[in-house]
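Undergrad: Quick one: sequence and predicted model below, then my questions.
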Amino acid sequence: MPGRKEEDLSLSHLGNQETSYSFEYNPEVLETFENQHPNRDYFVKFNCPEFTTLCPKTGQPDFATLYISYIPHINMVESKSLKLYLFSFRNHGDFHEDSVNTIMNDLIELMDPRYIEVWGKFTPRGGISIDPYCNYGKPGTKFENMAEHRLLNHDMYPESIDNR
């Protein structure tokens, strides 16, 4: 059975008992590890129910559950670094749509995944909720068309997508 060796993992956050939290947007905290199954297409899914960011106009906090799903290529995001990265939005002022797209863009730059989607289900304010969804399929792969298909057929309810 394959396994990973400590010397193959250059991760600074995982296992570190002296975790440092950035209260400002900080994509540099993200770390990757090598995908041991690059010959197989499979989804990695993160459900992040405690995402917070600030309204850029009022400074009021906005709360969301983020759903991040991706099909890895060579690199995968390490989950503790992802938690620290999402925490760094805590005092970051941006609109819901911008936050979701920023997260997707940072993860694309970090991992170069075959496919990725990021969806924010924000808590309603004033009787209205905003649920921005974005996706990306790596150009030149079968996932390029999947992105368009998923976007056009997305019904915006997490319980109906991939059994979330």
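TA: On my side now, so go ahead. On a predicted model such as this, the values are computed, not experimentally measured, just so you know.
Undergrad: what's the burial count for Tyr70?
TA: The burial count assigned to Tyr70 is 24, neighbours taken as other C-beta atoms under 10 Å. For the C-beta atoms, the positions are set from N, CA and C on the backbone; glycine is no exception.
Undergrad: Tell me the spacing between it and Pro49.
TA: 18 Å (C-beta to C-beta, to the nearest Å).
Undergrad: swap in Ile128?
TA: As defined by C-beta to C-beta, Ile128 lies at a distance of 20 Å from Pro49.
Undergrad: So for those two, which residue has more residues nearby?
TA: More neighbours surround Pro49 than the other of Ile128 and Pro49, with 10 against 7 (other C-beta under 10 Å).
Undergrad: what helix or strand is the closest residue to the more buried one other than its chain neighbours on?
TA: Of all residues not flanking Pro49 in the chain, Thr65 sits nearest, at 4.5 Å (C-beta to C-beta, 6 or more residues apart in numbering). In the assignment (DSSP states H and E), Thr65 maps to strand 61-71.
Undergrad: try Gly120
TA: Secondary structure from DSSP H and E places Gly120 in strand 115-122.
Undergrad: after that strand comes which helix or strand?
TA: Sequence order places strand 133-137 as the next helix or strand after strand 115-122, per DSSP H and E.
Undergrad: and the helix or strand following that following strand, how far from the chain's centre?
TA: On the C-terminal side of strand 133-137, the nearest following helix or strand under DSSP H and E is helix 143-152. Taking C-alpha atoms, centre = their mean, to the nearest Å, one finds helix 143-152 lying 18 Å from the centre of the chain it belongs to.
Undergrad: show me what contacts the closest residue to Arg114 other than its chain neighbours?
TA: Leaving aside its chain neighbours, Arg114 sits nearest to Ile71 (4.3 Å; criterion: C-beta to C-beta, 6+ apart). By C-beta atoms under 8 Å, 6 or more residues apart in numbering, the contact set of Ile71 is 41-44, 113-116, 143.
Undergrad: With Met146 instead?
TA: 115, 137.
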